[in-house]
Structure formats: C-alpha cells, structure tokens
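Undergrad: All I have is the shape, not the residue letters:
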C-alpha cells in the first residue's frame, strides 16, 4: 500500500509502454466517454463529462499506449474539487474574520480497458490525480463505488488507503448499494 503522506515525496511509477497525458480538448471527449460508459454502471450525459472536463481539465489524465498510432487512450481518471466555506468556525479562535475554506477532491470516474487491467494503470492514474489534488490544496479525496466492485475496492482501500465513510443504500440507478470512500491527506 502506498501511504498518501508519501505521494508528493515518491516518484509515481511509470508503466512501461504507457504514456500519461493530460486532457486537452473536446477532441478527446468521445474517447473518455467510451472508456467510462463501457465500465461504469451510471449512464452519464455529455453534459456531466463537460462539467468535469471544462472546469477541471488538469484533473483528467489519460493513459495512452506509447506505440499507439492514433493515440487512443486505454484508461482515464476524471476528477474535480469541491470548495466549502466553513462559516461555523469561531473566528475568534482562528484570530481572523475570514471563514476557513476546505477543499475536497473527488474522483468521479476511473476506467481502464479490460485487456490492460491488473498492470498498474488504474493505480498510476489514481496516484497522479491524488497528487494533483493534494498540490491544489485538497485536505481529502472522496469517491463512491459499488459495493460489488471488488476490483475498485481493492484499489482504493488496500492499495491507496481510502476508508469507508458511509454505506449509500440503492445509490445507483441499477439499485446497487455504494460505499462513499475518503482518503485523508496531511
């Protein structure tokens, strides 16, 4: 397991034959949609993808085979950052009148084509996204995953150190339950 306190200090491993590239523009939107729609149970509309990709393009990372002529991605992670002002903090105890701002990262989508799974690509994508969100000031990272998605649970809990925060009953459109997972950053 990688401890996230170490993410900024550790060189996130490269995967031989895979380049990790940033989302650039709408030309890549169809590829992202194709990857996610194949693997995740939620039918997101194009507007959901655009919401994430236009507001936080730096938090969308694509995995592309190095030898690929068309540079079509075989994996992606799509994230965002939520900002919450904590107006309930006693301003006197903080010795300031300004409300505290909390940044929470959110992993909305992570997908890797079946033929490329179990090679570390999902872990590498998640670590790159977590590192960026941490560098952008996030105190924690959240996500939801189906309780039946054993591969995702192994990745997030066993490899990355996320903890179960809440059971969301009948959370998905297919009526499957989900866990809300959180990773606390230092």
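TA: Good, I have the coordinates. Remember, it's a predicted structure, so these values are computed and weren't measured experimentally. Numbers count the residues shown, from 1 in each chain.
Undergrad: residues contacting residue 72?
TA: Neighbouring residues of residue 72 by C-beta atoms under 8 Å, 6 or more residues apart in numbering: 31, 64. Using the backbone N, CA and C atoms, a C-beta is placed for each residue, glycine as well.
Undergrad: Just confirm it is within a helix.
TA: No: looking at residue 72 with DSSP: H, G, I helix; E, B strand; the rest coil, it is coil, so not inside a helix.
Undergrad: any idea how far it lies from residue 35?
TA: Going from residue 72 to residue 35 by C-beta to C-beta, to the nearest Å gives 10 Å.
Undergrad: and if you look at residue 62?
TA: Distance, residue 62 to residue 35, using C-beta to C-beta: 9 Å.
Undergrad: and the most centrally placed residue in the chain, which of the three is it?
TA: In the chain, the centroid-proximal residue (C-alpha atoms, centre = their mean) is residue 107; its distance is 2.7 Å. With three-state DSSP as the basis, residue 107 sits in strand.
Undergrad: Test of understanding: give the bridge partners of it.
TA: Residue 107 has these beta-bridge partners by DSSP bridges: residue 79.
Undergrad: shouldn't it be in contact with residue 81?
TA: No: taking C-beta atoms under 8 Å as the definition, residue 107 is not a contact partner of residue 81, at 10.9 Å.
Undergrad: Okay, now the unreliable bits of the protein?
TA: Along the chain, segments meeting pLDDT under 70 span 1-11, 87-99.
Undergrad: where do the helices sit along it?
TA: Assigned by DSSP state H, the chain shows helices spanning 29-39, 46-55, 91-94, 121-135, 150-153.
Undergrad: Tell me which of those helices is the most buried.
TA: Most buried of these by mean neighbour count (mean count of other C-beta atoms under 10 Å) is helix 121-135; its value is a mean of 21.
Undergrad: which ones are touching residue 112?
TA: Taking C-beta under 8 Å, 6+ apart as the criterion, residue 112 is in contact with 35, 39, 63, 74-75, 121-122, 125.
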